[in-house]
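> Next input, structure requested:
(chains A and B)
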There are 2 protein chains.
Amino acid sequence: MATIADVAKLAGVAKATASRALSGQGYVAPATRERVADAAHALGYIASANASGLATGRSQSIAVLIPLINRWFLAEVLQGLESALLAAGYDMTVYNVSHMSANRSRVFDFFLVRRSFDAVILVGIDASATELETIQRLDKPVACVGAPIDGLDSYVLDDYRAAQLATEHLLGLGHTKIVFVGGPQNHFHDNDPASSLVHSDRFRGYSDAMTLAGHAAAITHAPTPLDLESGRQAGRRWLAHPDHPVTAVLAESDEVAFGVILAAQELGKRVPSDVSIVGIDGHDYAETFGLTTVQQNPQQLGMSAVSDLLERVTGDDERRHPSPVAPDFVVRHSTTAPPR
Amino acid sequence: MATIADVAKLAGVAKATASRALSGQGYVAPATRERVADAAHALGYIASANASGLATGRSQSIAVLIPLINRWFLAEVLQGLESALLAAGYDMTVYNVSHMSANRSRVFDFFLVRRSFDAVILVGIDASATELETIQRLDKPVACVGAPIDGLDSYVLDDYRAAQLATEHLLGLGHTKIVFVGGPQNHFHDNDPASSLVHSDRFRGYSDAMTLAGHAAAITHAPTPLDLESGRQAGRRWLAHPDHPVTAVLAESDEVAFGVILAAQELGKRVPSDVSIVGIDGHDYAETFGLTTVQQNPQQLGMSAVSDLLERVTGDDERRHPSPVAPDFVVRHSTTAPPR
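Modelled structure (predicted):
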């Protein structure tokens, strides 16, 4: 069986270079990498993960827990995580743990412990006390992305500030009849990509801004799941409300905002002259819909989490205590002064 | 250290039951599973993947290669794969291999061989001859989802039939000036979720139907990346084309179709009375946009692939030769007869 020395010889490089090229750890010029890969291929060289694991004590593998994959925010985070992990020579094993799934406890109690991951990343997860205890008992570096968890390094948008900024923008334009559309009434929807903490932070950002501006009496919450069709239905209800006229909508997610825009079109209301609409996300579609929104960058959140976490895996495992990311406000064509 | 026997005793079940409950292999009543998980948790029981791997010769781990995660079709397939794998007690390790990425060869030459996966799933991948050779050399069951590959079990929509159905629907309504929007001109876009074979099958389905109906001269291809904004730009161009009036659009994906609908609204054209629009996908948003479309079910494709593949992992490794899935045509409010 071919060894790394055989590969290095055929490629005409040092053994260390061949090893770096194949493991993805450390820099190797692309042309050299290709020559080494060709040599490995020609010789049928098979790298042994166990052997390299024995040497470093690491598995080069990271577990990611995520409630759903097919949602914009979550898929974007996953994309950011995977590209950063792959570039650093790490595998990503994904576990789908929806809020109510029967398989959820098996992931915590069985899957996470049967394989020796170097670290664990929780994406948009509301973890129970028992689940957190299981995670802590693994004694591995852990990070959260998207939804914060007390006691763990959390890579998140400053959700409070995001909603506050959006509300202040609408107040500044002269709106006071602003309805907050999105999130749960009492309990949490299984299908919502945002955790309950994300929702409550956003709602507080809105209601504090309204209160500070002297419009506490106008605070209105329209609970809605965070998807396009739910946004459209909420839009139909609130843009034509007989007893409760609104001039502006703060949507908890961009997809909800797109739905409200479609509802406005159906009702013959012009955006923004009849009704102003703001979102939170920075979804790929925001530019096309002309949506004023609070931009977050989920791929970047994922990449920052990986960068810190891999430092903790290979160096001192100290928490990094990252700050919530300041939101970026992008004004487009869905907001203006209220109609006279 | 606690053993599986300790866990079984505490939970008051047989050892085999405790083992099934924790491994996820075979049926265990939910209440029993919970009791076993509680016992394992209380005792700090840690299952050993290596030990169970030594016994069965399997790693209970599947590799998934996918060009992008944050695209509707690909994220849906991934969701279907993960839920089916998790239910069967398998891990899913995801590798992001975009068409042009420098990391792509590392995934084939290094990552796939360093870990002992039980099987490999290629999702929407256009694989080169060298890449296929590497995969075959692993000597593991392999399946493709979304994009077919010669010589491998492929779980795909009947793309030719999908486009043919959509075209026949428009022809049946009386349209002849039908433009096909989507896909590459000459080479393939890195960011397109569909493989080049998917595109060429769809385009052939359209052009054959046009030819058969005696409208070969009207065959028109508007190359466009498969996203909302590109669809809108193509819509603006083609719905207002001075020399080439069209009465209907066949969009290669639903997202392109949504973009064309938005363009029609901007141009003051009514859908469907001024222009008819058909998509291919069955995207979550299709209902909200009232889009007539050819429905596929990517989650189901993923689940079918897993079901066959795990049979091949645990039983005879014979190819299953699945047939392309017949498309489901859904008529909504975006198509009618051409304007007089």
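> Tell me how many other residues surround A:T32.
Applying the criterion other CB atoms under 10 Å in any protein chain shown, we find 17 residues in the vicinity of A:T32. Bear in mind the C-beta positions are built from the backbone N, C-alpha and C, glycine included.
> Could I get the contacting residues of it?
Under the criterion of CB atoms under 8 Å, 6 or more residues apart in numbering or on different chains, the contact list for A:T32 reads A:11, A:13, A:17, A:21.
> out of the residues you listed, who's nearest A:H215?
Nearest to A:H215 among these, counting by CB to CB, is A:A21 at 61.9 Å.
> Now for the closest one, how many residues are close by?
30.
> pretty sure A:Y160 belongs to a strand, no?
No. According to DSSP: H, G, I helix; E, B strand; the rest coil, A:Y160 belongs to no strand; its state is helix.
> ok now do it, which residues does it touch?
For A:Y160, the residues meeting the contact criterion (CB under 8 Å, 6+ apart) are A:201-202, A:204-205, A:208.
> give me phi/psi at A:V94?
phi -100, psi 130 (degrees, to the nearest 10).
> I'd like to know how far it sits from chain B.
Here A:V94 is placed at a distance of 5 Å from chain B (CB to the nearest CB, to the nearest Å).
> Please verify my assumption that A:S98 contacts A:R104.
Yes. Distance between A:S98 and A:R104: 7.0 Å, which falls inside the contact criterion (CB atoms under 8 Å).
> Who has more neighbours out of those two?
Each of A:S98 and A:R104 had its neighbours counted (other CB under 10 Å), and the higher figure belongs to A:R104 (20 against 14).
> Return the per-residue confidence for that one.
pLDDT recorded at A:R104 is 85.
> what does A:S116 give?
For A:S116, the pLDDT comes out at 84.
> ok, now A:R35?
Value for A:R35, per-residue pLDDT: 83.
> if I pick it, what's in contact with it?
Applying CB under 8 Å, 6+ apart, the residues contacting A:R35 are A:11-13.
> most surrounded residue in those?
Using other CB under 10 Å as the contact criterion, the top neighbour count among the contacts of A:R35 goes to A:A11, which has 22 neighbours.
> who's in contact with the residue nearest to that one when sequence neighbours are not counted?
Excluding its sequence neighbours, the residue lying closest to A:A11 (CB to CB, 6 or more residues apart in numbering or on different chains) is A:A39, at 3.9 Å. The contact partners of A:A39, taken as CB under 8 Å, 6+ apart, are A:7-8, A:10-11, A:18, A:45.
> switch to 6 Å and redo it
A:7, A:10-11 (CB atoms under 6 Å, 6 or more residues apart in numbering or on different chains).
> now swap in A:A8 and tell me
Remark: with contacts taken as CB under 6 Å, 6+ apart, A:A8 is in contact with A:15, A:18.
> Which pLDDT value goes with it?
The pLDDT attached to A:A8 in the predicted structure is 86.
> ok, then the element right after the host helix or strand of it?
Counting by DSSP states H and E, the element that carries A:A8 is helix A:4-11. Sequence-wise, the next helix or strand beyond helix A:4-11 is helix A:15-23, with elements assigned using DSSP H and E.
> Let me see the residues that make contact with that following helix.
The set of residues that contact helix A:15-23 without belonging to it, under CB under 6 Å, 6+ apart, is A:4-5, A:7-8, A:26, A:28, A:33, A:36, A:47, A:89, B:110.
> Got a PyMOL select line for the buried ones in the residues you listed?
Burial among these is assessed by 16 or more other CB atoms under 10 Å in any protein chain shown; the matching PyMOL selection reads:
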select buried, (chain A and resi 4+7+8+28+33+36+47+89) or (chain B and resi 110)
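> Farthest pair within the contacts of helix A:15-23?
When CB to CB is used, the two most widely separated members of the contacts of helix A:15-23 are A:A5 and A:G89, lying 20.4 Å apart.
> got the residues of chain A near chain B?
Those residues of chain A that sit near chain B, judged by CB under 6 Å from any CB of the partner chain, are A:22, A:24, A:30, A:37, A:40, A:46-47, A:49, A:69-70, A:75-76, A:78-79, A:82-83, A:86, A:91-94, A:96, A:102-103, A:105-106, A:109-110, A:113-115, A:228-229, A:232, A:285, A:288.
> For A:F117, which three-state class applies?
coil.
> isn't it right next to A:V64, touching?
No. Taking CB atoms under 6 Å as the contact criterion, A:F117 and A:V64 are not neighbours in contact, 9.5 Å apart.
> Could you give the number of residues near A:L152?
Using other CB under 10 Å, A:L152 has 17 other residues around it.
> Closest to A:T314 out of the contacts of A:A39?
Of all the contacts of A:A39, the one with the least separation from A:T314 (CB to CB) is A:V7, at 24.7 Å.
> Quick one: residues contacting that closest one.
Contacts of A:V7 were listed using CB under 6 Å, 6+ apart, and they are A:18, A:39-40, A:43, A:45.
> who's in contact with A:S304?
With contacts defined as CB under 6 Å, 6+ apart, the neighbours of A:S304 are A:Y155.
> Can you check the pLDDT for it?
A:S304 is assigned 96 on the pLDDT scale.
> just A:M1 next, same as before
For A:M1, the predicted pLDDT is 58.
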